[in-house]
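J.: Could you work out the structure for the sequence below:
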Amino acid sequence: MKAEILLPTADLRADLPFFTKTLGMRMDMIYPADNPSVVVLSGHGLRLRLDAGLTAAPGTIRILSDDWAAIAAGAKTLTSPGGTQVQLDELNPPLVLPATEHAFVVRRLADQAPWVIGRAGMMYRDLVPTRLGGAMIASHIRVPDGKVPDMVHFHKVGFQLIFCIKGWVDVLYEDQGGIRRLHAGDCFIQPPTIRHRVLESGEGIEVIEIGVPAEHITEIDHEMTLPNATVNPDREWEGQRFVHNVGSTGSFAPFRIPGFQARDTTINANTKGVASVMVAKPTGGESPWTKHQGDILFNFVMSGEMTLHGEGKEPYRLSPGDAFVIPPGLATRYTDTTPDLQLLEVSLPGQVPTTIL
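T.: As a prediction, this is how the structure comes out:
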């Protein structure tokens with residue numbers, strides 16, 4: 001079985017050296033011999049059929065290569081004599097992290113932000129609509145029926161967190177052995193490009209997913225089967241290790257904000273300071289005004305209630321499902337906390353210099 005891409009050509013004779021010499025493709029078939037009007041070429045994973053008798057708009061092909069600049073002497077865009085547009089680019093371009101556009105953001109569940117159907121039929125609720133200028137995406141995700149028609153895939157991302165707030169979900173990860181079950185209070189860090197596959201979840205599953213940057217590529221790996229034969233818990237992907245942190249085994253210690261204590265999920269250590277993920281709860285003492293000098297500081301209210309004060313802002317009474325982002329240099333204070341309050345705090349970088357005011 002073969003498949004071909006049909007392309008019109010206004011100059012088949014001149015197109016032949018363009019595709020074979022300039023682009024390095026090979027000619028597989030040509031006819032009729034006395035006055036050719038059709039030629040089939042292959043290369044770069046493509047099979048093209050140029051037809052001088054085809055009435056259609058010129059087509060576009062895109063060639064990706066680790067050495068794309070060597071294909072056409074560094075040109076990134078070309079037009080064949082017969083009209084075909086050609087784009088050349090890197091096969092694995094470097095990840096670009098946009099500069100953070102800092103803002104004070106409050107997103108409340110009661111505001112009825114829309115749930116949209118995303119990848120694999122999961123329901124997504126956007127927690128930071130501005131995406132901080134493309135620096136991050138934060139999603140509240142639900143799986144309606146507990147079934148996820150997923151495939152082995154990976155993400156080209158700088159940092160990615162999955163934190164379970166309700167229910168459970170089973171996932172397979174590259175080099176991490178068998179099924180990993182995430183319960184409420186547990187989290188995964190998915191290092192850049194680690195292959196994984198969601199299997200299924202219990203009813204009522206809800207997770208928070210953080211991705212940096214906001215726009216990143218998800219690719220399907222059709223070759224790998226999970227679980228794979230290798231088990232290597234110490235493997236690093238771009239300097240980060242896979243983390244499966246079990247909330248029930250963690251202990252609390254004093255937090256960066258007085259009046260709170262926090263449980264460290266070990267993500268700061270395992271990403272070498274790229275990010276930190278903490279679960280914070282009040283100790284009963286009064287919380288002062290503070291300022292941080294990090295880059296991104298995201299919070300999600302998992303349980304309980306609190307009032308968020310921001311310098312020059314109206315206070316917000318927050319409850320479960322609410323999220324907020326505090327920009328660096330803005331004085332804030334958490335007050336009127338209920339004893340059952342638990343905050344999920346995600347910070348980039350992992351260390352958050354904090355000033356007590």
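J.: Let me see the backbone angles for Leu172.
T.: The phi/psi pair for Leu172 (degrees, to the nearest 10) reads phi -110, psi 140.
J.: Give the bridge partners for it, please.
T.: Here Leu172 sits in beta bridges with Arg197, going by DSSP bridges.
J.: Please tell me how far it sits from Phe300.
T.: Note on Leu172: its distance to Phe300, by C-beta to C-beta, to the nearest Å, is 26 Å. Every residue, glycine included, has its C-beta placed from N, CA and C.
J.: out of the two, which sits in the more crowded spot?
T.: For the pair Leu172 and Phe300, the greater number of neighbours falls to Phe300 (23 against 20), based on other C-beta atoms under 10 Å.
J.: mind listing what the helix or strand in which that one is found pairs with, with the direction of each?
T.: Under the criterion of DSSP states H and E, Phe300 resides in strand 296-303. The strands beside strand 296-303 in its sheet (DSSP bridges) come out as strand 323-325 (antiparallel), strand 342-348 (antiparallel).
J.: Which one, of the ones you listed, ends up nearest to Asp150?
T.: strand 342-348 (23.8 Å; C-beta to C-beta).
J.: the strands in the stretch 1-150 of the chain, which residues?
T.: In the stretch 1-150 of the chain, the strands defined using DSSP state E, counting those that start in this stretch lie at 5-8, 26-31, 38-43, 46-51, 60-65, 77-79, 85-90, 105-107, 115-117, 123-126, 137-142.
J.: Going by contacts, tell me the helices and strands next to the last one.
T.: Applying 3 or more C-beta pairs under 8 Å, 6 or more residues apart in numbering; DSSP states H and E, we find strand 137-142 packed against strand 123-126, strand 206-212, strand 296-303.
J.: what about the shortest one, distance to the chain center?
T.: Meaning strand 123-126. Here strand 123-126 is found 14 Å from its chain centre; the criterion is C-alpha atoms, centre = their mean, to the nearest Å.
J.: quick one: strands adjacent to it?
T.: Strand 123-126 has the following sheet partners, assigned by DSSP bridges: strand 115-117 (antiparallel), strand 137-142 (antiparallel).
J.: cool, and the second one?
T.: Partner strands for strand 206-212, per DSSP bridges, with pairing direction: strand 137-142 (antiparallel), strand 159-166 (antiparallel).
J.: Would you single out the least confident of those?
T.: Of all these, the minimum mean pLDDT falls on strand 137-142 (a mean of 92).
J.: And the next helix or strand past that one?
T.: Using DSSP H and E, the next helix or strand after strand 137-142 towards the C-terminus is strand 153-156.
J.: count of residues packed around Asp336?
T.: Counted with other C-beta under 10 Å, residues neighbouring Asp336 total 14.
J.: for it, what are its contacts?
T.: Contacts for Asp336 were tallied using C-beta atoms under 8 Å, 6 or more residues apart in numbering; they are 305-307, 317.
J.: closest to Val86 out of the strands paired with strand 123-126?
T.: Of all the strands paired with strand 123-126, it is strand 137-142 that lies closest to Val86, at 32.9 Å by C-beta to C-beta.
J.: Buried residues of stretch 279-296, list them for me.
T.: Within stretch 279-296, the residues scored as buried using 16 or more other C-beta atoms under 10 Å are 279-283, 287, 290-292, 294-296.
J.: Count the neighbours of Val39 for me.
T.: Close neighbours of Val39, defined as other C-beta under 10 Å, add up to 22.
J.: again, but for the one 10 residues further on
T.: Neighbouring residues of Arg49 were enumerated by other C-beta under 10 Å; the total is 16.
J.: On the strand side of things, show who Ile296 bridges to.
T.: Beta-bridge partners of Ile296, as defined by DSSP bridges: Leu348.
J.: Quick check, it in contact with Val325.
T.: Yes - between Ile296 and Val325 a contact is recorded at 7.2 Å, counting by C-beta atoms under 8 Å.
J.: okay, and the common contacts of those two?
T.: Leu132.
J.: out of the strands paired with strand 123-126, deepest packed?
T.: Stretch with highest mean neighbour count among those: strand 137-142 (a mean of 20; mean count of other C-beta atoms under 10 Å).
J.: biggest helix in this structure by residues?
T.: If you go by DSSP state H, the chain has its longest helix at helix 12-17.
J.: Show me what that helix is packed against.
T.: Under the contact criterion of 3+ C-beta pairs under 8 Å, 6+ apart, helix 12-17 touches strand 38-43.
J.: Let me know whether Gly259 touches Pro282 as I believe.
T.: Yes - between Gly259 and Pro282 a contact is recorded at 6.1 Å, counting by C-beta under 8 Å.
J.: Can you work out which residues contact both of the two?
T.: Shared contacts of Gly259 and Pro282, defined by C-beta under 8 Å, 6+ apart, comprise Tyr334.
J.: Can you say which of the strands paired with strand 123-126 is nearest to Ser248?
T.: Ranking the strands paired with strand 123-126 by proximity to Ser248 (C-beta to C-beta) places strand 137-142 first, at 21.9 Å.
J.: Neighbours of Val246, how many?
T.: 13.
J.: Pull up the per-residue confidence for it.
T.: 97.
J.: Name the nearest residue to the residue nearest to the spatial centre of the chain, ignoring sequence neighbours.
T.: Geometric centre of the chain, nearest residue: Gly211, 4.3 Å, by C-alpha atoms, centre = their mean. Leaving aside its sequence neighbours, Gly211 sits nearest to Ile137 (C-beta to C-beta, 6 or more residues apart in numbering; 4.7 Å).
J.: Is it correct that that neighbour is in contact with Ala214?
T.: Yes - Ile137 is in contact with Ala214 according to C-beta under 8 Å; the separation is 4.0 Å.
J.: Cheers, nothing more for now.
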